[in-house]
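Trainee: My questions are about this predicted structure, shown below with the sequence.
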Amino acid sequence: MARRKKIYEGKAKILYEGPEPGTFIQYFKDDATAFNAQKKATIEGKGVLNNRLSEYFMTGLTNIGVPNHFIRRVNMREQLIRQVEIVPLEVIVRNFAAGSIAKRLGMEEGTPLPRPIVEYSYKNDALGDPMVSEEYIIAFGWATQQDLDDIVSLALRVNDFLSGVFYGVGIKLIDFKIEIGRIWDGDFMRLIVADEISPDSCRLWDIKTGEKLDKDVFRRDLGNLTDAYSEVARRLGVLPAQTTHLTKPTLIN
Ligand code: 5GP
């Protein structure tokens, strides 16, 4: 039997050649890494939850007209996506201070920011994804000024959408990271949301208790990561509401 072709393997996902030209299969692993892969673990069920949660958010974005790479979920761990040329940037949007901004500016975590702040890191593991300015991005040709205008507009639309969705289930969206891909339509290029949207790439705090429901649970050893992600999925209606403890997540559909 022929083996399918692996295109790329990252820390949390694998990309395989898709069934048609211009598509990939995105496989979600159970691996978790933090601090540029200095901390590693396999967390049973994480990949299944992130596959389903990313489907949920990307489908919601499609429904409000925000272009993204998601086509359809194939199975528990895989989804069909559009092939894109990844812009080598992590686009971060922050609503409240936490993580690196809190450290850099000496702010208390949870402090509201005067307005959503968009910032960029250069995607490069060997360098630890350093923060870069628009000047760097344009000078080094990673994106043009027009691309950046489109990227900010996409990032802020994703922020409004996700903030509202999470607020509706009692969760505060502190910050998140997205990646952007280029697709070509003949001579025309469009930028779309790519990669994944999941608790691996967001900071999510319970509005009432402040409990962390995201990858900081793993980064900071705060408890069981699958329990935290299952709680997010349950509140969003992606997992059955009555389930109390899950080692193996059960999907609704
Ligand atoms: P910070 O810069 O405070 O470490 O991260 C800001 C936000 O971007 C957090 O929600 C964090 O999870 C996300 N983020 C930053 N870098 C990465 C990364 O390399 N991978 C993932 N999955 N998320 C990231």
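Mentor: All right, it came through fine.

Trainee: Looking at the stretch 1-150 of the chain, which residue is nearest the ligand?
Mentor: Across the stretch 1-150 of the chain, the shortest distance to the ligand (CB to the nearest ligand atom) belongs to Gly99, at 2.2 Å. For glycine as for every other residue, the C-beta is placed from the backbone atoms N, C-alpha and C.

Trainee: Arg203 is in contact with that residue, correct?
Mentor: Yes: if you go by CB atoms under 8 Å, Gly99 and Arg203 touch, sitting 6.8 Å apart.

Trainee: Look at the two and report which has more neighbours.
Mentor: Neighbour totals were compared for Gly99 and Arg203, and Arg203 leads with 22 against 15 (other CB atoms under 10 Å).

Trainee: So which elements touch the helix or strand harbouring that one?
Mentor: Per DSSP states H and E, Arg203 falls inside strand 202-206. Strand 202-206 sits against strand 171-185, with contacts defined as 3 or more CB pairs under 8 Å, 6 or more residues apart in numbering; DSSP states H and E.

Trainee: How about the strand it packs on and the ligand, touching?
Mentor: Yes: using CB under 6 Å from any ligand atom, strand 171-185 reaches the ligand at 175-177.

Trainee: Stretch 111-130 too?
Mentor: Yes: counting by CB under 6 Å from any ligand atom, the ligand is contacted by stretch 111-130 at Asp129.

Trainee: Residues of the stretch 51-200 of the chain that sit close to the ligand?
Mentor: By CB under 6 Å from any ligand atom, the part of the stretch 51-200 of the chain that sits against the ligand consists of 90, 92, 98-101, 129, 175-177, 200.

Trainee: now stretch 116-124, how far from the centre of its chain.
Mentor: How far stretch 116-124 lies from its chain's middle: 13 Å, per CA atoms, centre = their mean, to the nearest Å.

Trainee: which residues touch it?
Mentor: With contacts defined as CB atoms under 8 Å, 6 or more residues apart in numbering, stretch 116-124 is touched by 86, 88-95, 101, 129-134, 136-137, 142, 152, 155-156, 159, 179.
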